[in-house]
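> just coords:
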């Protein structure tokens with residue numbers, strides 16, 4: 001699931017990388033009709049309805065999952081969702097709302113979302129977080145972890161020192177310069193987080 005910009009080349013590239021690992025992968029267009037934001041204001045306007053109505057986002061994710069399950073090569077018993085920034089929030093929300101994934105992975109996603117309910121979350125969660133992410137302050141991290149602990153949800157939380165928001169996206173530096181955003185690509189954290197995701201998927205798909 002894409003960042004708040006929409007379905008750009010970046011999530012498509014990640015889907016191809018997943019396919020190269022042997023997975024059936026789908027790049028999900030949450031906004032529909034290939035809409036891509038030209039600037040942060042447009043991105044905010046397109047993303048906000050899904051933050052305000054997480055059930056709508058969940059419905060779109062589940063529609064994508066249903067579509068993927070129809071593929072002749074799909075192993076319908078083993079499913080996961082990964083998301084970047086906005087997409088990370090969306091997959092975590094879907095997991096907390098009870099979507100039928102074995103696992104979900106958030107790369108530098110926001111951690112403010114729906115409140116988990118005991119016994120509702122089926123998916124194991126992996127949160128890959130930049131230690132220098134100014135969009136997700138420590139108080140948000142603490143509240144997120146406390147809420148999951150309170151309902152006994154299964155999750156792992158990895159922090160990459162000095163990594164900012166959007167640390168996996170090579171376009172982050174360009175966007176930082178163009179729009180004055182506190183984001184930066186971090187090659188070491190990108191590699192480490194991808195390896196952590198690979199190990200997680202192998203574990204949940206056993």
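It's in. What you are looking at is a predicted structure, and each value in this text was computed from that prediction instead of being measured.
> for residue 81, phi and psi?
Phi and psi for residue 81, reported as degrees, to the nearest 10, are phi -130, psi 140.
> skipping its backbone neighbours, what lies nearest it in space?
Distance criterion CB to CB, 6 or more residues apart in numbering; nearest residue to residue 81, sequence neighbours excluded, is residue 91 at 4.3 Å. For the C-beta atoms, the positions are set from N, CA and C on the backbone; glycine is no exception.
> same question for residue 92.
residue 106 (5.2 Å).
> same check on residue 64?
Here the residue nearest residue 64, using CB to CB, 6+ apart, is residue 28, at 4.4 Å.
> and the one you found, what does it touch?
By CB atoms under 8 Å, 6 or more residues apart in numbering, the contact set of residue 28 is 1, 2, 7, 11, 60, 61, 64, 87.
> confirm it sits in a helix?
No: counting by DSSP: H, G, I helix; E, B strand; the rest coil, residue 28 is not part of a helix but coil.
> report pLDDT for it.
Per-residue confidence (pLDDT) for residue 28: 98.
> residue 147 now?
Reported pLDDT for residue 147: 97.
> with residue 104 instead?
pLDDT at residue 104 comes out at 98.
> same thing with residue 133?
pLDDT recorded at residue 133 is 98.
> now do the SS call for the residue of the chain positioned farthest from its centre.
Of all residues in the chain, residue 72 sits farthest from the chain's C-alpha centroid, using CA atoms, centre = their mean; the distance is 25.6 Å. Taken by three-state DSSP, the conformation at residue 72 corresponds to coil.
> what about the helices in the protein?
9-20, 40-52, 54-69, 86-96, 138-151, 172-179, 187-204 (DSSP state H).
> which of these is buried the deepest?
Across the helices of the chain, averaging neighbours per residue (mean count of other CB atoms under 10 Å) puts helix 86-96 on top, at a mean of 28.
> which elements pack onto that one?
Here helix 86-96 touches helix 40-52, helix 54-69, strand 80-84, strand 103-107, strand 124-130, going by 3 or more CB pairs under 8 Å, 6 or more residues apart in numbering; DSSP states H and E.
> 7 Å instead?
helix 54-69, strand 80-84, strand 103-107 (3 or more CB pairs under 7 Å, 6 or more residues apart in numbering; DSSP states H and E).
> closest one to residue 46 among those?
Counting by CB to CB, residue 46 lies closest to helix 54-69 out of the helices and strands packed on helix 86-96; the figure is 12.0 Å.
> need the residues that contact that closest one.
Residues outside helix 54-69 that contact it (CB atoms under 7 Å, 6 or more residues apart in numbering): 1, 24, 26, 28, 30, 50, 74, 76, 79, 81, 90, 93-94, 97, 99, 113-114.
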